[in-house]
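Q: got a predicted structure here, sequence first:
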Amino acid sequence: MKVALVVATIAAIAAVATAQQPIDKIYFPENETSILDFANRASIDEVVTPDPLGPNAPTLSPMTLITAQGDRCTCVPYFMCKPEAEFAEQNKFNEIDVNYNPESCQDVLDVCCREEDSLVVPMNNTPGATPTTTRIRGCGLRNIGGIDFSLTGNFNNEAGFGEFPWTVALIKTSDGSSHCGGSLIHPNLVLTGAHCVQGFRRGELKIRAGEWDTQTTKERLPYQ
């Protein structure tokens, strides 16, 4: 039973690649008799990253706070402030509290930074420097605690940023709503449940990899 379910799941995903083909007609394209033949085809779908904010992006008034020490600070994305600075809503270096606090910045990825500690970093939603962290490389390896920064206040087992790098989201293209989850098992292949793709045609679902918080685009490394 388990073998049959896995085969059905993989076949269902493969069938999505045929233009406008209903998921109900499950088969591999001509001359492709294995899942590796299918996965190794060049350019199955387009890789999409968030558009840069650009010069015409709306400008929001920065949120200014007064720290317990009486210092004035401004809420900015965490990577736009010196890492050695002491933040109003952080317990210690590179720890971000995921609990909402009305006296701190309202975006979980913002920190309240004093002017003398601020860094000039262009906000264009493009990847910056990869965090310099020594970790084992390979597939299926969990980044325990996440990368780039750690969390406090995550009492409900919230995942850290980049903690499960193989996890992807299946999103409906019609309204952008979350539909299912999946696992990246090849650069061009996602494993998910057959029920997640049943009844959908190509183009009606999209894959988002690297997403951490759907309510913000302030992560240092953007999703794809």
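A: Great, that's in hand.
Q: what about the protein, any weak spots by pLDDT?
A: Within the chain, the stretches with pLDDT under 70 are 1-62, 67-68, 83-103, 108-109, 119-164, 210-224.
Q: which elements pack onto the longest strand along it?
A: In the chain, taking DSSP state E as the definition, the longest strand is strand 178-186. Judged by 3 or more CB pairs under 8 Å, 6 or more residues apart in numbering; DSSP states H and E, strand 178-186 is in contact with strand 167-172, strand 189-191, helix 194-197, strand 205-209. Every C-beta, even on glycine, is put in place using the N, C-alpha and C of the backbone.
Q: partner strands of that strand, parallel or antiparallel?
A: Using DSSP bridges, strand 178-186 pairs in its sheet with strand 167-172 (antiparallel), strand 189-191 (antiparallel).
Q: dump those to JSON lines, plus mean neighbour count and distance to residue 65.
A: Shown next, in JSON lines, are the strands paired with strand 178-186 (neighbours: other CB atoms under 10 Å; distance: least, CB to CB, whole Å):
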{"stretch": "strand 167-172", "mean neighbour count": "17", "distance to residue 65": "33"}
{"stretch": "strand 189-191", "mean neighbour count": "18", "distance to residue 65": "42"}
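Q: same list (those) but as a markdown table, adding distance to residue 201.
A: Output for the strands paired with strand 178-186, formatted as a markdown table (distance: least, CB to CB, whole Å):
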| stretch | distance to residue 201 |
| --- | --- |
| strand 167-172 | 12 |
| strand 189-191 | 17 |
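Q: wait, which of the helices and strands packed on strand 178-186 is closest to residue 115?
A: With respect to residue 115, and counting by CB to CB, the nearest of the helices and strands packed on strand 178-186 is strand 205-209 at 35.8 Å.
Q: partner strands of that closest one, parallel or antiparallel?
A: If you go by DSSP bridges, strand 205-209 pairs up with strand 167-172 (antiparallel).
Q: now the helices and strands packed on strand 178-186 as TSV including distance to residue 179?
A: As requested, those are exported to TSV (distance: least, CB to CB, whole Å):
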stretch	distance to residue 179
strand 167-172	5
strand 189-191	13
helix 194-197	7
strand 205-209	7
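Q: and residue 117, which of the ones you listed is closest to it?
A: Relative to residue 117, the nearest member of those by CB to CB is strand 205-209, separated by 32.7 Å.
Q: buried ones in the closest one?
A: Applying a neighbour-count criterion of 16 or more other CB atoms under 10 Å, one finds 205, 207 buried in strand 205-209.
Q: related to what we said a few turns ago, out of the helices and strands packed on strand 178-186, flag the one nearest residue 63.
A: Closest of the helices and strands packed on strand 178-186 to residue 63 is strand 205-209, at 28.0 Å (criterion: CB to CB).
Q: mind giving me the domain ranges of this structure?
A: Listed domain ranges for the chain are 1-51+127-224, 64-117 (source: automatic domain parsing).
Q: can you measure across the shortest one, start residue to end residue?
A: End-to-end span of domain 64-117 (CA to CA, to the nearest Å): 14 Å.
Q: please apply the same query to stretch 167-185.
A: Stretch 167-185 has an end-to-end distance of 10 Å (CA to CA).
Q: stretch 200-207 too?
A: One end of stretch 200-207 sits 14 Å from the other (CA to CA).
Q: secondary structure class for residue 79?
A: Put simply, residue 79 is helix when judged by DSSP: H, G, I helix; E, B strand; the rest coil.
Q: re the thing from before, contacts for the longest strand of the chain, please.
A: Residues outside strand 178-186 that contact it (CB atoms under 8 Å, 6 or more residues apart in numbering): 39, 165-172, 190-193, 196, 205, 207, 209, 214.
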